[in-house]
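Asker: Got a sequence here, can you build the structure:
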Amino acid sequence: LVLTLLADKVRSAWLALAVPHKNAGNILTWDMFRKCMREAFAAPDKEFSARMQLRHVQQNSMSVKEYVRHVRSLIAHIGANPPSSYDSYDTHARTHARTH
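Answerer: Okay, the predicted model is just below:
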């Protein structure tokens, strides 16, 4: 069903991932599809940009819920390479997060 909705480069990128997994008997997931599309078509500097934003993120006027949603979004853009101690996110977040 998904293949009927995909065309050209999108279809080729998905088939390059899906066929070997399917032949090996693996179950294909939505997360696999998202990761495949992100790797194939996301701007190459998107990960770097998300890392820099994460290093400097501040809650400011956002609610805690909005702040957490924003941080999770940045982490999702980082993808398979999670923030490292170099990114010092944890220390920065504790310094700038409000408690209410």
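
Asker: where does the protein have low pLDDT?
Answerer: 1-5, 44, 80-100 (pLDDT under 70).

Asker: check contacts around S12.
Answerer: The contact partners of S12, taken as CB atoms under 8 Å, 6 or more residues apart in numbering, number zero. (Glycine included, C-beta is placed from N, CA and C.)

Asker: After the helix or strand that contains it, which helix or strand is next?
Answerer: Secondary structure from DSSP states H and E places S12 in helix 8-23. The helix or strand immediately downstream of helix 8-23 is helix 30-41, counting by DSSP H and E.

Asker: now that following helix, how far from the chain's geometric center?
Answerer: 9 Å (CA atoms, centre = their mean, to the nearest Å).

Asker: helices and strands around it, which ones?
Answerer: Under the contact criterion of 3 or more CB pairs under 8 Å, 6 or more residues apart in numbering; DSSP states H and E, helix 30-41 touches helix 8-23.

Asker: returning to what we had before: which parts of the helix holding S12 are buried?
Answerer: By neighbour count on 16 or more other CB atoms under 10 Å, the buried set for helix 8-23 is 13-14, 17-18.
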